[in-house]
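Chemist: let me see the structure of the following:
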Amino acid sequence: MIRPARADEAAWVADTVDAAFGAYIPRMGRKPATMTADHAANIAAGEVHILEQEGERLGLIVQRPKTDHLFIDILAVAPRAQHHGVGRALLGFAEAEAKRLGLPALQLYTHVKMTEALRFYPALGFRQTGAKQEDGFDRVYFEKRLG
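Modeler: Below you'll find the model as predicted:
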């Protein structure tokens, strides 16, 4: 089940993001931007959805509609649930949401040193659209056009 996050889950969201992205700090030399996001504000804006299975929260997605795409800001899976299809399910949810909103694409970016993500997104049909340094991060941009 994927459902909107509740205000009282902001700490869980922060903990899950930290657990999912903390391993990248040594590679990047600093915290990923996802770890410094205002999770309470994202929840209040209705942008955070949680994948829950049998009452256990396994992952989350932060997404926001733009004029011509649905932007995926954060995709975080609890470490114990990684490699079990949670990320794929959350991105499937985002695809369905984009279609529901009449948006033709999903867009996101990741850090160049998050090599796992650089393999993961193309395997799901995303194509790289660019790379640049932004806010002190070396980012790689992806898009998935929806049919």
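Chemist: just give me the longest helix of this structure.
Modeler: When the chain is parsed with DSSP state H, its longest helix is helix 86-100.
Chemist: what's that one in contact with?
Modeler: 2, 49, 51, 58-61, 63, 65, 69-70, 72, 75, 77-78, 104-106, 120, 124, 144, 146 (Cβ atoms under 8 Å, 6 or more residues apart in numbering). For every residue, glycine as well, the C-beta is placed using N, CA and C.
Chemist: stretch 15-34 too?
Modeler: For stretch 15-34, the external contacting residues (Cβ under 8 Å, 6+ apart) are 35, 37, 39, 57, 59-60, 73-74, 76-79, 82, 111, 113-114, 135-137.
Chemist: which ones among these lie within strands?
Modeler: Arg57, Gly59, Leu60, Asp73, Ile74, Ala76, Val77, His111, Phe137 (DSSP state E).
Chemist: so what's the residue nearest in space to the middle of the chain bridging to?
Modeler: Geometric centre of the chain, nearest residue: Leu75, 2.0 Å, by Cα atoms, centre = their mean. Counting by DSSP bridges, Leu75 is bridged to Ile61.
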